[in-house]
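Colleague: Model the structure of this input:
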Amino acid sequence: MSFFTIDANKCAADGLCVAECPMGILTMDHKTPAPVEHAEELCINCGHCVAVCPHGAFSLKTMATEACAPMEPELLPAPEVFRRLVRSRRSTRVYKNKPIEQEKLARLLDTARYAPTAKNTQQLGWLVISRKELLEELAGKAVDWMRDLIAKKDPLATTYRMPRLVARWEEGRDPVLRSAPCLVVTHAPETYRYGMVDSTIALTTFELAAATEGVGTCWAGFLFSAAAFWPPLREALNLPAGHVLTGAMMAGYPKNAYQRIPLRNEAQVSWR
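Modeller: Numbering: from 1, shown residues only. Here you go, the predicted structure:
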């Protein structure tokens, strides 16, 4: 079977699939799309060819036209609605003692998986942790890392005021995960060079989607940093063999409602 098929009864030979292919592996042969040599090896399975065809004539071996949902542009948010979503999103650090429904988390992850990845490699894995004991264990191991830096008089301990953070932990407050009821982690193969970039895009997509469903989020920077240098934390995360942590985000229902949009610096833009 060819790596793509064309319904001759629907194809208008308009060349849109050829023009849109990012890898340049389609050509017009006798006025119909045809693959170039080694096209199947070069295809990144992005689906642009399937998505752009207004006639529903193009299907990949891995992606049938009828399996792809229509665009429905009328469902897209108006520019001002999206602008308000981005501006009103807050980094939530105070959470209700209420778990996020698994169905909702699954829906948010299903949205986030559509975030772009380098050459459509889709190498990211996801880990969702909602078990309270494990969240406390992870936060505690990050605090152990801080204690180690303080003992070694590492400059990072001063820069990030780690003695104060450790003191808060010892008082029963969580400065690492903020007692969030959920932690969303991304990971990727250690050999994959774009894991950090792909994860940043995916988690940013996740946090914007979360805001539309009343879920607050915050980047778990201390946990992410600790995991890079503290083996006990990496062991507790127990990621798949050969994978490394590429991103971490707290999630939960905000305890408090914000009433205003704080000011931000003007964008520093150069026009050329």
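Colleague: how about the helices in the stretch 151-272 of the chain?
Modeller: Here the stretch 151-272 of the chain has its helices, by DSSP state H, counting those that start in this stretch, at 155-159, 162-170, 195-212, 221-229, 231-237.
Colleague: Tell me which of these sits nearest to residue 269.
Modeller: Nearest to residue 269, of all these, is helix 195-212, at 20.5 Å by Cβ to Cβ. All C-beta atoms are positioned from the backbone trio N, CA, C, and that covers glycine.
Colleague: For the closest one, C-alpha coordinates in CSV please.
Modeller: The C-alpha coordinates for helix 195-212 follow below in CSV (Å, rounded to 0.1, in the frame of the first residue of the first chain):
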residue,chain,number,x,y,z
GLY,A,195,12.7,17.8,24.7
MET,A,196,13.0,21.0,26.7
VAL,A,197,11.6,23.1,23.9
ASP,A,198,8.7,20.8,23.1
SER,A,199,7.8,20.4,26.8
THR,A,200,7.7,24.2,27.3
ILE,A,201,5.3,24.6,24.4
ALA,A,202,3.2,21.6,25.6
LEU,A,203,3.0,22.8,29.2
THR,A,204,2.2,26.3,28.1
THR,A,205,-0.7,24.9,26.1
PHE,A,206,-1.7,22.8,29.1
GLU,A,207,-1.8,25.8,31.4
LEU,A,208,-3.9,27.9,29.0
ALA,A,209,-6.3,25.1,28.5
ALA,A,210,-6.5,24.6,32.2
ALA,A,211,-7.5,28.2,32.7
THR,A,212,-10.5,27.7,30.6
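Colleague: hang on, the earlier thing: what's the closest of the helices of the stretch 151-272 of the chain to residue 69?
Modeller: The nearest among the helices of the stretch 151-272 of the chain, by Cβ to Cβ, is helix 195-212 at 16.6 Å.
Colleague: Can you tell me which helices and strands that closest one packs against?
Modeller: helix 79-88, helix 102-112, strand 182-189, strand 216-219, strand 243-252 (3 or more Cβ pairs under 8 Å, 6 or more residues apart in numbering; DSSP states H and E).
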